[in-house]
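Participant: Need a 3D model of the sequence below.
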Amino acid sequence: MNWFLLLIAGLCEIGWAIGLKYTEGLTRLWPSVATLAAMVVSVVLLGVAMKTLPVGTAYAVWVGIGAVGTALLGIVLFEEPASFARLASLALICAGIVGLKLTTP
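Facilitator: Numbering: from 1, shown residues only. Down below sits the predicted model:
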């Protein structure tokens, strides 16, 4: 269950990172409210997941999900470059996330 909560926390991490772009410097009310809510949910779920998961593993997976998801959405939503090197680097982060999952009791 804590791995599932960590996944949801990572998805909320993506939500608030992308949300920041839409807040225009926290000057737009509803995008700012949604972004701040995603931040709170993300951190709370990370904290709950850390009750049983090792802190280093949980944090690395949380950040990794957020980084990969945000980078991929940046490519899709904001036309950021999708070079081979960039996509390969994101694949390496995914491999690290899977490795941490497989090696954590």
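
Participant: contacting residues around the helix or strand Gly47 falls within?
Facilitator: Using DSSP states H and E, Gly47 falls within helix 29-49. With CB atoms under 8 Å, 6 or more residues apart in numbering as the test, helix 29-49 has contacts from 2-3, 5-6, 8-10, 12-13, 15-16, 19-20, 22-24, 26, 58-59, 62. For glycine as for every other residue, the C-beta is placed from the backbone atoms N, C-alpha and C.

Participant: One more pass at 6 Å, please.
Facilitator: Residues outside helix 29-49 that contact it (CB atoms under 6 Å, 6 or more residues apart in numbering): 2, 5-6, 8-9, 12-13, 15-16, 19-20, 22-23, 26, 58, 62.

Participant: Need the buried ones from those selected in ChimeraX.
Facilitator: The buried residues among these can be selected in ChimeraX (16 or more other CB atoms under 10 Å) with this line:
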select :5,6,8,9,12,13,15,16,19,20,23,58,62
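
Participant: Can you flag which of the contacts of helix 29-49 belong to helices?
Facilitator: 2, 5-6, 8-9, 12-13, 15-16, 19-20, 22-23, 58, 62 (DSSP state H).
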